[in-house]
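Engineer: fold the following for me, if possible:
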Amino acid sequence: MRVERFEWEDATVTAKALRDWFLASTPTGDVVSTVQQIRDEIKEGRDAALRRLVEKFDGVEQMPESLRVDPEEARAALAALDPSLRGAMEEAAANIRAVATAQVNNATESVRLPQGHTVTVREVPVRSVGVYAPGGRAVYPSSVLMCAIPAQVAGVEQIAVASPPNRSGRVASPVLAAAALCGIEEIYAMGGAQAVYALVYGTETVMATDVIVGPGNFWVQEAKRESMGVVGIDSYAGPSELMVVAGHDTDPQWAALDLCAQAEHGPESPLVVAAVETHVLEQIAAATEAAAAGRSSVADASMALVRTPDLSDAIDLANAFAPEHLELLEEDAILQADRIRTAGCVFVGRYGATAFGDYVAGSNHVLPTAQSGRFTGPLGPGTFRRRISKVEIDADAAAAMAPRVDVLARAEGLPVHGESAMIRSNP
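Structural biologist: Here you go, the predicted model:
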């Protein structure tokens, strides 16, 4: 494990130094140009290009006849699931559905204005959604649940799941089981940026979707970011991040396991520990390095330590850094939890391990990373709903508003707008 100690300057400067350090150590390569080349190949070559890219980047040695998975295979995977794993998935699904349902309030708002007309704003679900469930280092049935269930609660009719296949061209059984648990039958054995672009533009086999969601590596997230505007996306969601605000009562072993847990997502995942007391930082650093040394899956992680002048500065640093996950393990930090404005998800108190949110707490684990928490938040039903305005104007309302429209339109140099309104004022 690579550990760096940072001197405190102020929240903004220190947060920038942290980001720069993590980015400098990230083996991203030329992500943008590679992703754009994949985009162009998918748009031009469609299924043929998609199959070629899946074989190349997903490492498939035995390409299946179709990249679309037979729904029976998913149902069989669910039926064959270990009962304890199925029970855990069902409990997670129930909690995710409960939290998502609670977020859907009155979907129609109607306002009658003084001029006599009515404006109604209603929410409707998007038509179709593409869910990306990562693969490679690990498999993520939990991501299927986190993405698909809020989409279903939002009212989306068509949901497609894409997940990287193994060398034989098959999607991992737990991912298939999660899709079957959600009743999803459109499943594709494809990963990476090529999967994103297939869901964006469509091919002979894959139907284009309206919104693409799900976590993933730099290439997946760059493909999503570059596609924004052609389709909607949830956020820039990956690689995973964790910041811990620790205090004198923080258990170093607990914090170490929390940090190592997020490091399991890969060496690109930033880990930050902030504390007022130097000895607290050193205890957590020692415990984390010891834990990482015995766990090969986290040995390549990078962790930054920051000693802040006081707790308030640690909270300011969290807001400036905008981590995906923030754990407030310091007892008094709980009192300042409401000051957090930019984290994707805040875990409050010594029992609040990020792992609970990753799986069964009901909060969503598809969260903004790379400081995008400054302007967006967790995936939820709102990700899959759009607003439509309806305006109802009668003769009296038209007569009352037309002169105002005429004045404003002429001021903008668009006189026919005014004429369009005025002709209705004296029918």
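Engineer: so what's residue 28 scoring on pLDDT?
Structural biologist: The confidence metric pLDDT takes the value 61 at residue 28.
Engineer: likewise for the one 10 residues further on?
Structural biologist: On pLDDT, residue 38 comes in at 94.
Engineer: is it located within a helix, as I assumed?
Structural biologist: Yes. Applying DSSP: H, G, I helix; E, B strand; the rest coil, one finds residue 38 inside a helix.
Engineer: how about it: what's its closest non-neighbour residue?
Structural biologist: Among residues not flanking residue 38 along the chain, residue 193 sits closest, at 4.5 Å (CB to CB, 6 or more residues apart in numbering). (Glycine included, C-beta is placed from N, CA and C.)
Engineer: surely the one you found is in a helix?
Structural biologist: Yes. Secondary structure of residue 193, determined by three-state DSSP: located in a helix.
Engineer: tally up the residues packed near it, please.
Structural biologist: By other CB atoms under 10 Å, the residues close to residue 193 number 29.
Engineer: and for residue 424?
Structural biologist: Using other CB under 10 Å, residue 424 has 16 neighbouring residues.
Engineer: repeat that for residue 177.
Structural biologist: Residue 177 has 24 neighbouring residues, counting by other CB under 10 Å.
Engineer: which stretch of helix or strand covers it?
Structural biologist: Secondary-structure element containing residue 177, defined by DSSP states H and E: helix 173-181.
Engineer: how about the residue sitting nearest the centre point of the chain: what's its closest non-neighbour residue?
Structural biologist: With distances taken as CA atoms, centre = their mean, residue 366 lies nearest the centre of the chain, 3.4 Å away. Distances taken as CB to CB, 6+ apart place residue 379 nearest to residue 366, at 3.9 Å, with adjacent residues excluded.
Engineer: pretty sure that neighbour is touching residue 212, no?
Structural biologist: No. In this structure, residue 379 is not within contact of residue 212 by CB atoms under 8 Å, at 11.4 Å.
Engineer: joint contacts of those two?
Structural biologist: When contacts are counted by CB atoms under 8 Å, 6 or more residues apart in numbering, residue 379 and residue 212 are jointly contacted by residue 234.
Engineer: what's near enough to touch residue 121?
Structural biologist: For residue 121, the contacting residues are 108, 109, 110, 387, 388, 389, 390, by CB under 8 Å, 6+ apart.
Engineer: pLDDT averaged over the helix or strand that contains it, what's the number?
Structural biologist: Residue 121 belongs to strand 118-125 when elements are defined using DSSP H and E. For strand 118-125, mean pLDDT rounds to 89.
Engineer: what's the answer for stretch 64-81, then?
Structural biologist: When the per-residue pLDDT values of stretch 64-81 are averaged, the result is 95.
Engineer: endpoints of that stretch, how far apart?
Structural biologist: Counting by CA to CA, to the nearest Å, the length from the leading to the trailing residue of stretch 64-81 is 23 Å.
Engineer: hmm, who's touching that stretch?
Structural biologist: Contacting residues not belonging to stretch 64-81 are listed as 50-51, 54, 86, 89, 165, 169-171, 173-174, 176-177, 179-181, 184-190, 205-206 [CB under 8 Å, 6+ apart].
Engineer: can you rerun that using 6 Å?
Structural biologist: Applying CB atoms under 6 Å, 6 or more residues apart in numbering, the set of residues contacting stretch 64-81 from outside is 169, 171, 173, 176-177, 179-181, 185, 187-190, 205.
Engineer: turn the residues you listed into TSV, including distance to residue 269 and pLDDT.
Structural biologist: Formatted as TSV, the contacts of stretch 64-81 follow (distance: CB to CB, whole Å; pLDDT from 0 to 100):
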residue	distance to residue 269	pLDDT
169	28	93
171	24	95
173	26	95
176	26	97
177	26	97
179	26	97
180	30	97
181	27	97
185	33	96
187	27	97
188	26	97
189	26	96
190	24	96
205	33	94
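Engineer: given the helix-or-strand element of the chain with minimal mean pLDDT, what are its sheet partners and their directions?
Structural biologist: Taking mean pLDDT, DSSP states H and E as the measure, the chain has strand 108-112 as its least confident helix or strand, at a mean of 80. Neighbouring strands of strand 108-112 in its sheet, by DSSP bridges, are strand 118-125 (antiparallel).
Engineer: how distant is stretch 329-340 from the center of its chain?
Structural biologist: Between the mean C-alpha location of stretch 329-340 and the chain-wide mean there is a distance of 24 Å, by CA atoms, centre = their mean, to the nearest Å.
Engineer: nope, stretch 149-158 is what I was after
Structural biologist: The gap between where stretch 149-158 is centred and where its chain is centred comes out at 16 Å by CA atoms, centre = their mean.
Engineer: between the two ends of it, how far is it?
Structural biologist: The separation between the terminal residues of stretch 149-158, taken as CA to CA, is 12 Å.
Engineer: for it, which positions count as buried?
Structural biologist: If you call a residue buried by 16 or more other CB atoms under 10 Å, then stretch 149-158 has these buried ones: 149, 150, 151, 152, 153, 154, 156.
Engineer: restricted to strands, list these.
Structural biologist: When the buried residues of stretch 149-158 are checked against strands using DSSP state E, none is located there.
Engineer: of all those residues, which comes closest to residue 339?
Structural biologist: Out of the buried residues of stretch 149-158, the one with the shortest distance to residue 339 is residue 150. That distance is 27.2 Å, counting by CB to CB.
Engineer: neighbours of the nearest residue to the closest one once chain neighbours are set aside, how many?
Structural biologist: By the measure of CB to CB, 6+ apart, the closest residue to residue 150 outside its immediate chain neighbours is residue 100, 4.2 Å from it. Per other CB under 10 Å, the neighbour tally for residue 100 reads 23.
Engineer: still on that earlier bit, show me what contacts the residue nearest to the centre of the chain?
Structural biologist: Residue 366 is in contact with 146, 215, 234, 237, 379, counting by CB under 6 Å, 6+ apart.
Engineer: which of those has the most neighbours?
Structural biologist: Most surrounded of the contacts of residue 366: other CB under 10 Å gives residue 146, at 32 neighbours.
Engineer: that residue looks like it's in a helix, true?
Structural biologist: Yes. Residue state for residue 146 (three-state DSSP) corresponds to a helix.
Engineer: low-scoring pLDDT stretches of this protein, where are they?
Structural biologist: Filtered on pLDDT under 70, the chain yields the residue ranges 26-29, 105-108, 427.
Engineer: who touches the strand or helix carrying residue 102?
Structural biologist: Assigned by DSSP H and E, residue 102 belongs to helix 83-103. For helix 83-103, the surrounding residues in contact (CB under 6 Å, 6+ apart) are 145, 149, 150, 153, 181, 359, 360, 362, 380, 381.
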